[in-house]
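1. this one's structure only:
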Ligand SMILES: C[S@@+](CC[C@H](N)C(=O)[O-])C[C@H]1O[C@@H](n2cnc3c(N)ncnc32)[C@H](O)[C@@H]1O
């Protein structure tokens with residue numbers, strides 16, 4: 001099976017994206033210079049599934065872009081759950097904000113604008129779920145910053 005067929009298959013058999021996610025997808029491809037950065041349909045539903053399995057109280061996302069993955073991850077939050085998402089570029093963060101405003105999860109999403117390396121140390125949280133999706137060379141730095149703040153799982 002070639003890659004194109006595999007992609008078509010995954011797309012066809014993955015739960016459809018919501019109207020809002022579709023709007024973000026369409027808007028990003030029509031208006032943003034780097035639409036390939038968007039998670040998109042299949043990856044977005046995978047993120048949603050992982051979040052729904054964990055049922056997190058606190059999610060950290062590094063790299064908001066236009067807000068697609070944040071809204072997928074927010075689907076699994078508990079009633080009092082909060083998702084913190086960090087975006088470096090103000091104009092891109094403003095696009096994400098405009099879509100968050102239209103979401104039923106808007107009160108649970110805290111958007112931070114700035115460099116994640118500076119913002120993460122200011123967030124006094126223990127994380128249940130973290131999605132690192134920013135500049136690849138920075139990953140090791142993010143990992144070292146956040147690793148001590150990942151909640152320990154207690155297996156019973
Ligand atoms: C691959 S995109 C994120 C895609 C998004 N998570 C999604 O799935 O739709 C990476 C984003 O990380 C942002 N970014 C890169 N370095 C950053 C940093 N140090 N702090 C915060 N955001 C950063 C970029 O501006 C870009 O919007």
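-> Here it is on my side, so go on. Being a predicted model, the structure only gives us computed values, none of them experimental.

2. tell me the mean pLDDT for the host helix or strand of residue 71?
-> Taking DSSP states H and E as the criterion, the element that holds residue 71 is helix 68-74. Rounded to a whole number, the mean pLDDT of helix 68-74 is 98.

3. so what secondary structure elements neighbour it?
-> Identification of packing neighbours for helix 68-74 by 3 or more CB pairs under 8 Å, 6 or more residues apart in numbering; DSSP states H and E yields helix 19-31, helix 41-54, strand 58-62, strand 82-87, helix 90-100, strand 129-132. (Glycine included, C-beta is placed from N, CA and C.)

4. Any residue of that helix touching the ligand?
-> Yes - Helix 68-74 comes into contact with the ligand (CB under 6 Å from any ligand atom), by way of 68-69.

5. Buried by neighbour count: which residues of that helix qualify?
-> When burial is assessed from 16 or more other CB atoms under 10 Å, helix 68-74 yields the following buried residues: 68-74.

6. Could you do stretch 25-44 as well?
-> By neighbour count on 16+ other CB under 10 Å, the buried set for stretch 25-44 is 25, 27-28, 32, 35, 37-44.

7. circling back to that earlier point, residues in contact with the helix holding residue 71?
-> By CB atoms under 8 Å, 6 or more residues apart in numbering, the list of residues contacting helix 68-74 from outside reads 20-21, 24-25, 28, 38-40, 43-45, 47-48, 51, 59, 61, 64, 83, 85, 96, 99-100, 103, 105, 108-109, 129, 131, 133.

8. and those residues, which are buried?
-> Among those, those classed as buried by neighbour count (16+ other CB under 10 Å) are 20-21, 24-25, 28, 38-40, 43-45, 47-48, 51, 59, 61, 64, 83, 85, 96, 99-100, 103, 105, 108-109, 129, 131, 133.
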